[in-house]
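Enquirer: structure for the following, please:
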Amino acid sequence: MGSLSKFETLKKDFLDKLPAEKYNLLSDLADYSSCIADFIFRHTDQLDYIFEELEKPLKGRETLVNEAKELLNIADDKEFITQLTFFKMKHFSRIVAKDIRKKTTLLDLTEEYSYLADACFEAAYERAYKKHVNIWGVPIDELTGKEAKGCVIALGKHGGLDLNYYSDVDVMYIYSNEGKTTKGVTNREFFINLFKDVTQYLSKRNFEGITWIVDLDLRPEGKKGFIAYSLPAIEFYYWTHGRTWERHMLIKARHAAGDPDVSKEFMEIIQPFVYRKYSGNEVFEEIVEMKKLIEAEANKKLTGEYDVKRGEGGIREIEFTVQILQLLYGGKDPELRERRTLKALKKLIKKGFLPENHGKILEDGYLFLRKLEHIIQIKNCVQTQSLNYKNVEEYSRKLGFNSSKEFLEKLDFFKENIRRIFENITPDTDIEMTPLQKYILTKQFDEEAEEYLSTLGFKDPKWALSRFKEIFFSKMYVELNESSKEHLFSFVPALEKELKDFPDKEDFLLNFSKMMVEGGMLWVFVSALEQNENLVQFMLNIAKLSDYISDLMSKDRELLDWAFGIEDVPSDKEGFEKEFNVISKNLNLPDRLKKLKKVVEVLVSLKYLSQIHKKNPEERLIEINRSLSNLADFILEKLYEHFDGKDYAIYGLGKLGSREMNIGSDLDLIFVFKNERSKNQYIKVPASIVKALTSYSGEGLLYQLDLRLRPFGKRGELSPSISFYKSYFENEARSWEKLAWAKARFIVGDEETKEQFEKLIQDFLSSKPMDREFIEDIFEMRFRLEGLVRETPEEIDIKLGKGGITDIEFLTQINLILNKSRETNILQAVKKYIPEIFEEYIFLREIEARLRMIKGIGMSKIYRNSPFLYRIAHSFGIEAFQLWDDIVNTKKRIRDIFLRKIKALKEKMD
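Expert: Below you'll find the model as predicted:
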């Protein structure tokens, strides 16, 4: 029987008046718990209450909460704290009494005790919330405009409704969102101060002791973290920093107090983080390592003692066994998502994840050890799980054993078998994760992940891992739903293979990560993973081939809305006008045009890239050339109208003139005034247009200009009059210039000026019959251009080099002049006049188009070992060496035909 010496010395009258049954109850309580004996000593009337409650049912959460909230009427905080501790001790004593007298099961009692903690938190939270609203005003959610709310999340045994009799309570404080109160204080400051008061109400020592020891160490970032977190911050933390031990810890999370809707949203956030569809051995390995650390720490402190919680074969190993299996299989089987250890254990047995005999040992061992733990803790009212072997006889008696020997045999049996079961867990995982997936899931094993990325061919694996972190630890990834996260996670091995097989993997990965995160395309990509395999490959192809489009889309997220929000790619004036009108009028005209140009370039490029594996190269080229040329026309028309000049016209030469503009093409422009009087009056207008076209701003620039084809090149006048051109064509122009002017095309301007200038151009093109001297001049100019590029066996130029595009264009323009044709489109002219090299021309033009898409600038040089060659080859579905050989052989055929045709023309002129 327990010691009642304190009562016998100071309250003997009280003892003498007690009926036998109440005396015996008090004696038992004093025997088990010194703190309960002290509580009754201070409040002798509570013995009657405890005795009367012995045969009554448990109260349940609602009754306890309502009783706790009656304390809110207490005005003084100090008195409130004291009465809250009294409330806790009153019901704690009631619960322990029921346990001693075996009036209900351990599970029911720990549930009631957990609800007692909830009730205290509910009262403390409500009091603190009202107090801080009075001081700081009502917190407002910046997203919804409604009142922001907070909640207390129960964790550990408190969360699992298995709270120990003398244990701290693990909780996390959450609030709905950031914002400000009606008095201008931030929600973060408001809730942090509120929850500090909640903690103080519960843990401040007073006359009755302490209500609860509140442990906040399981919150994000532990002791270094904020005392309270908003829901968005919590979600971001777990998906970007959350470790396996935190998944393990959150299995038991539940609503304890405050606003239930905030708790519900919290649970919806953490469920996909905790329970993954795919889990591998790394979960098991990491938890075992965590267990070893805890066990090692426990063993350091013990001599002649056994830690029933952390020691070998202890409570923790039972919990870990259950929770390992829950983490491994709970993602696929929602029934396993159970907070209470024994309930989860029974479900694992039922589902076949644990043999029935093992399950029975774990269940019986858990009940045995938990009862022992309670007896140890309440003896001296301290938070301990250490069994001192000197007290074995006492513990044996209290647990109902006939002898210490019988008790120790039972303890050894459970220790040995629980340890054996724990050590022999062999997870049956249906997926072998790659080291990169393992890192993404656990946020650990980074060295292993880097080593693996090195085997994929990355020169700087640390850099590569950072790119994956940008994707999988991004806010955008966090905001994906559970299914989308799983789809993206399961795609990782396929992405690894794509990277391994692609030679220029650094640029590919960089483009992909920029598009996904900076460009906001992650949700589109994930949606494609779920529904459209072709779109997945298309988006990967963008990352592989075009740094330019990838960069544009990553820098301007609005482009994404256009890219996936427009059914038909704008390709004419009507389409451009429609999209132009959508662009914000807050921008000045040049910036609105720059935005339009980016939109159209992205759209036509995406359409081109979507068709690169189809057998329609001519159609592809025509479409992109026509769209980009029409766009340049539209931009020049808008600038012409904006600057309101008169009596002048704008002509295009080069690719603009032939309607064969490409990504990165510059503009070959000619400005011509009708007469000298108009020129003197509006001379500043062409310069203003040039400035608008070439000036940089936040939106980039419109075009680079090439004015070399105007009379006297860069030294020449920007905008001469028609009379100047007449004199120049008659007296100064060289033979080869006819080739350039064969592409001349009116863009916008005065109609009368156009009529006069068109006649002047035609007269110039046909002014002198083509003779041998003309052909030799052309031939000489061609070789002069060829000499500028200096090709080597390792470096070729597909445009200006020997047998390049320029060979074909020179021949074509000669034919146009010979036939007095004003057909400016070279592709159509090649088809008409030199059909035997039409396929070669299309082939080189496609290479040029894809080369330009890589960086978005005019490029025509290719190196044998250049990553650009690899990327273009990949777009053709062939190896780099094959593409190189095809280009070399194509250029040889073109050069042979070029020389043969030039020779034939010379002979014809003789």
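Enquirer: all strands of this protein, in order?
Expert: Here the chain has its strands, by DSSP state E, at 139-141, 150-154, 169-175, 179-181, 214-215, 228-230, 254-258, 305-307, 386-388, 648-653, 668-673, 745-749, 795-797, 861-863.
Enquirer: residue 492 is nearest to which of these?
Expert: When the strands of the chain are compared for distance to residue 492 using C-beta to C-beta, the nearest one is strand 228-230, at 28.5 Å. Every C-beta, even on glycine, is put in place using the N, C-alpha and C of the backbone.
Enquirer: what lines up beside that closest one in the sheet?
Expert: For strand 228-230, sheet partners with direction are given as strand 169-175 (parallel), following DSSP bridges.
Enquirer: how far off centre is the strand it pairs with?
Expert: 26 Å (C-alpha atoms, centre = their mean, to the nearest Å).
Enquirer: if we can go back for a sec, residue 11 is nearest to which of the strands of the chain?
Expert: When the strands of the chain are compared by C-beta to C-beta, strand 386-388 sits nearest residue 11, at 30.8 Å.
Enquirer: so what touches that closest one?
Expert: 301, 302, 304, 305, 306, 307, 308, 372, 376, 395, 411 (C-beta atoms under 8 Å, 6 or more residues apart in numbering).
Enquirer: contacting residues for residue 164?
Expert: 110, 157, 370, 373, 374, 377.
Enquirer: quick one, phi psi at it?
Expert: The phi and psi torsions at residue 164 (degrees, to the nearest 10) take the values phi -70, psi 160.
Enquirer: pLDDT score assigned to it?
Expert: Taken from the predicted model, the pLDDT recorded for residue 164 is 91.
Enquirer: what's the closest of the contacts of residue 164 to residue 213?
Expert: Taking the contacts of residue 164 together and measuring to residue 213 by C-beta to C-beta, the closest member is residue 377, at 12.1 Å.
Enquirer: what is the burial count for the closest one?
Expert: 19 (other C-beta atoms under 10 Å).
Enquirer: go on, residue 221?
Expert: With neighbours defined by other C-beta under 10 Å, the count for residue 221 comes to 10.
Enquirer: let the chain start at 15 from now.
Expert: In the new count, where the first residue is 15, that last one comes out as residue 235.
Enquirer: what's near enough to touch it?
Expert: Contacts for residue 235 (C-beta under 8 Å, 6+ apart) come out as 251, 255.
Enquirer: could I get the contacts of residue 178 as TSV with pLDDT and distance to residue 227?
Expert: Converted to TSV, those look like this (pLDDT from 0 to 100; distance: C-beta to C-beta, whole Å):
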residue	pLDDT	distance to residue 227
124	96	17
171	94	13
384	94	19
387	93	16
388	93	16
391	89	12
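Enquirer: most neighbours out of these, which is it?
Expert: Taking other C-beta under 10 Å to define a neighbour, the member of the contacts of residue 178 with the most is residue 171, carrying 25 neighbours.
Enquirer: hang on, it packs against residue 266?
Expert: Yes. Residue 171 is in contact with residue 266 according to C-beta atoms under 8 Å; the separation is 7.4 Å.
Enquirer: please check the contacts of strand 400-402 and keep the buried ones.
Expert: 319, 320, 321, 322, 386, 390, 409, 425 (16 or more other C-beta atoms under 10 Å).
Enquirer: where's the first one relative to residue 327, distance?
Expert: Here the distance between residue 319 and residue 327 works out to 15 Å (C-beta to C-beta, to the nearest Å).
Enquirer: what do you get for the fifth one?
Expert: Between residue 386 and residue 327 the computed distance is 13 Å (C-beta to C-beta).
Enquirer: ditto for the last one
Expert: Residue 425 sits 9 Å away from residue 327 when distances are taken as C-beta to C-beta.
Enquirer: how about the third one?
Expert: If you measure residue 321 against residue 327 using C-beta to C-beta, the figure is 11 Å.
Enquirer: now swap in residue 446 and tell me
Expert: Taking C-beta to C-beta as the criterion, residue 446 is separated from residue 327 by 31 Å.
Enquirer: looking at those two, which is more packed in?
Expert: The residue with more neighbours, out of residue 446 and residue 327 and counting by other C-beta under 10 Å, is residue 327; that gives 24 against 10.
Enquirer: so what's the residue nearest to that one when sequence neighbours are not counted up against?
Expert: For residue 327, the nearest residue in space outside its immediate sequence neighbours is residue 429; the separation is 3.2 Å by C-beta to C-beta, 6 or more residues apart in numbering. Contacts of residue 429 were listed using C-beta under 8 Å, 6+ apart, and they are 320, 325, 326, 327, 328.
Enquirer: repeat that for residue 132.
Expert: Here residue 132 is in contact with 75, 78, 79, 168, 270, 271 (C-beta under 8 Å, 6+ apart).
Enquirer: list only those of those residues flagged as buried.
Expert: Among the contacts of residue 132, those classed as buried by 16+ other C-beta under 10 Å are 75, 78, 79, 168, 270, 271.
Enquirer: pLDDT added to those residues, as JSON lines?
Expert: JSON lines is the format used below for these (pLDDT from 0 to 100):
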{"residue": "75", "pLDDT": "97"}
{"residue": "78", "pLDDT": "98"}
{"residue": "79", "pLDDT": "98"}
{"residue": "168", "pLDDT": "97"}
{"residue": "270", "pLDDT": "98"}
{"residue": "271", "pLDDT": "98"}
